[in-house]
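Engineer: Predicted model, plus sequence, below.
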Amino acid sequence: MRDFYDILGVNRGADTAELKSAYRKLAKKYHPDLNPEDEEAEKNFKEVNYAYEVLSDPDKRMRYDRFGEAGVNQQGGYSGGFGDFFEDIFDIFGGGFNGRGSRGPQPRIGEDINFHMNLSFKESVFGLEREINLKREVSCHKCEGEGMEPGSSKSTCPVCHGSGQVKQVQRTFLGQHVTVGQCSNCNGTGAVIETPCSNCNGSGREIREETISVKIPAGVDGQSVLTMRGMGHTGINGGPPGDIYIYFDVAEDEKIIRQGQNLWVDVPLTLEEAIFGTSINVPTINGVKKVKVSKGTQFLDSEIIGGAGMPSTRGNMNGDLILRYTMEIPKGSLEIKSKEIKRWKLHNKVVDQRTLLFEHMSETFSKVEDSI
Ligand SMILES: [Zn+2]
Ligand SMILES: [Zn+2]
């Protein structure tokens, strides 16, 4: 077997959190449920589990660091118990994954929690800190996850006589075959609880309602997933906890169109402004920018304000703010005198429309108290 640290891909000084995170990742990757009938994955899964079992136990880890694998095996770990004979038979015939070889209940990763959150467009521009309420499965506080009433005792399991494992003999057309499985009466612990904990009915787990504070980075969209490592349901039998995944539903803005990290707005110009040019003060995420509109601007010409788009959740550069000019071309005669154009300016509502747009942008692009 390879070095346990190599198996988990951590260095020898790795702390508990690093081990846990490496284990979680690899256990998920190689889990037999996700890799059916993949022997290589199953082998890796066993190695990863064993390496984590040893390294996550300070005492075993110390022995492993000093004496290598031999230092751990002496204690009747993975290779102990019923021995290789039964394991080999088991392997030939396949079958359930749990309860093979190792004694006692297997640690299991806690379940993940998926959470959906609605955000306004403005909230997505700046990010925010928000409290969410969720129900987490945690170790029972009364029995500390043991499942037994404090002060009560356990007795030897009558089914497996304390071994935690049961042998099953099955007759098939190939002849007899013997499998070793985890005892279902005691879940492989070898002992049964006489008085179950009154708080959790012996499950060792309880649901707790919790309020946690979530920092949502600026720039999230409907594709963003925020991961809070280790904040999911508590692991079972000492396994690491699951994660929280937060998915977002971000409301669209009626005037500011998001496209990736870029933002688009249609800015109305009067005909006079389009023909003779002007300058406009555009509210952006980076404050008001003065933008020159050149002479002879055409319908749907655009102007890019670099870096004034959506922030990146990964901390990269912001996107751009793109202004797209629109104007209403009067129908009819093309021989338009400038005086008449100026008069249209008074008669149409272009400037009012633009003022409303810029007020909206100014409001959207200014931080509020809970922005981060
Ligand atoms: Zn309990
Ligand atoms: Zn039993």
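Structural biologist: Yes, it's here. Ligands and ions are numbered 1, 2, ... in the order given.

Engineer: Enumerate the residues of the chain near ligand 1.
Structural biologist: Contact residues (C-beta under 5 Å from the ion) of the chain with ligand 1: 140, 142, 143, 197, 199, 200. All C-beta atoms are positioned from the backbone trio N, CA, C, and that covers glycine.

Engineer: at 8 Å instead, please
Structural biologist: When proximity is defined by C-beta under 8 Å from the ion, the chain lies next to ligand 1 at 140-149, 196-206.

Engineer: quick one: low-confidence parts of the stretch 51-200 of the chain?
Structural biologist: For the stretch 51-200 of the chain, the stretches with pLDDT under 70 are 71, 73-105, 174.

Engineer: Show me the strands in it, by range?
Structural biologist: In the stretch 51-200 of the chain, the segments counted as strands under DSSP state E, counting those that start in this stretch are 113-119, 128-139, 154-156, 165-172, 175-182, 191-193.

Engineer: okay if I get those strands as CSV plus mean neighbour count?
Structural biologist: Formatted as CSV, the strands of the stretch 51-200 of the chain follow (neighbours: other C-beta atoms under 10 Å):
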stretch, mean neighbour count
strand 113-119, 15
strand 128-139, 15
strand 154-156, 13
strand 165-172, 12
strand 175-182, 15
strand 191-193, 18
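
Engineer: Those strands into CSV, with extra columns for distance to residue 237?
Structural biologist: Below are those laid out as CSV (distance: least, C-beta to C-beta, whole Å):
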stretch, distance to residue 237
strand 113-119, 19
strand 128-139, 11
strand 154-156, 16
strand 165-172, 16
strand 175-182, 11
strand 191-193, 14
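
Engineer: tell me which parts of this protein are close to ligand 2?
Structural biologist: Counting by C-beta under 8 Å from the ion, the chain sits next to ligand 2 at 157-166, 183-192.

Engineer: Selection in PyMOL covering whichever of those are buried, please.
Structural biologist: Applying 16 or more other C-beta atoms under 10 Å to those, the buried members can be selected in PyMOL as follows:
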select buried, resi 157+160+163+164+165+166+183+186+187+188+189+190+191+192
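
Engineer: so residue 292 touches residue 281, yeah?
Structural biologist: No - Residue 292 lies out of contact with residue 281 (C-beta atoms under 8 Å); the separation is 11.1 Å.

Engineer: who touches both of the two?
Structural biologist: Here residue 292 and residue 281 share no contacting residue, scored by C-beta atoms under 8 Å, 6 or more residues apart in numbering.

Engineer: longest single helix anywhere in this protein?
Structural biologist: As assigned by DSSP state H, the longest helix anywhere in the chain is helix 39-55.

Engineer: list the helices and strands it packs on?
Structural biologist: helix 4-8, helix 16-30, helix 58-67 (3 or more C-beta pairs under 8 Å, 6 or more residues apart in numbering; DSSP states H and E).

Engineer: ok, and what's touching that helix?
Structural biologist: Outside of helix 39-55, the residues within contact range by C-beta under 8 Å, 6+ apart are 1-2, 4-5, 7-8, 14, 19, 23, 26-27, 29-32, 34-35, 60-61, 64, 72, 77-78, 97, 102, 106-107.

Engineer: tell me which element residue 223 falls in.
Structural biologist: Under the criterion DSSP states H and E, no helix or strand holds residue 223.

Engineer: residues near it, how many?
Structural biologist: Residue 223 has 9 neighbouring residues, counting by other C-beta atoms under 10 Å.

Engineer: ok, it to residue 250 distance?
Structural biologist: According to C-beta to C-beta, to the nearest Å, residue 223 stands 10 Å off from residue 250.

Engineer: cool, residue 68 as well?
Structural biologist: According to C-beta to C-beta, residue 68 and residue 250 sit 53 Å apart.

Engineer: Which one of these two is surrounded by more residues?
Structural biologist: Neighbours were counted for residue 68 and for residue 250 using other C-beta under 10 Å; residue 250 has more, 19 against 12.

Engineer: who does the more buried one bridge with?
Structural biologist: Beta-bridge pairing of residue 250 under DSSP bridges involves residue 119.

Engineer: Could you check the pLDDT of it?
Structural biologist: pLDDT for residue 250: 95.

Engineer: Contacts only, for it.
Structural biologist: Counted by C-beta under 8 Å, 6+ apart, residue 250 has contacts 118, 119, 120, 121, 123, 124, 220, 221, 222.

Engineer: Kindly write the PyMOL command that selects the buried subset of those.
Structural biologist: The buried residues among the contacts of residue 250 can be selected in PyMOL (16+ other C-beta under 10 Å) with this line:
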select buried, resi 119+121+123+124+220
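
Engineer: okay, now the domains of the chain?
Structural biologist: 1-79, 110-134+204-251, 257-364 (automatic domain parsing).

Engineer: Where among the ones you listed is average confidence lowest?
Structural biologist: Sorting the domains of the chain by mean pLDDT places domain 1-79 lowest, at a mean of 79.

Engineer: gap between residue 270 and ligand 1?
Structural biologist: Counting by C-beta to the ion, to the nearest Å, the gap between residue 270 and ligand 1 amounts to 74 Å.

Engineer: Residue 263: what secondary structure?
Structural biologist: Look at residue 263: counting by DSSP: H, G, I helix; E, B strand; the rest coil, its state is strand.

Engineer: Look up the residues forming beta bridges with it.
Structural biologist: Beta-bridge partners recorded for residue 263 (DSSP bridges): residue 258, residue 321.
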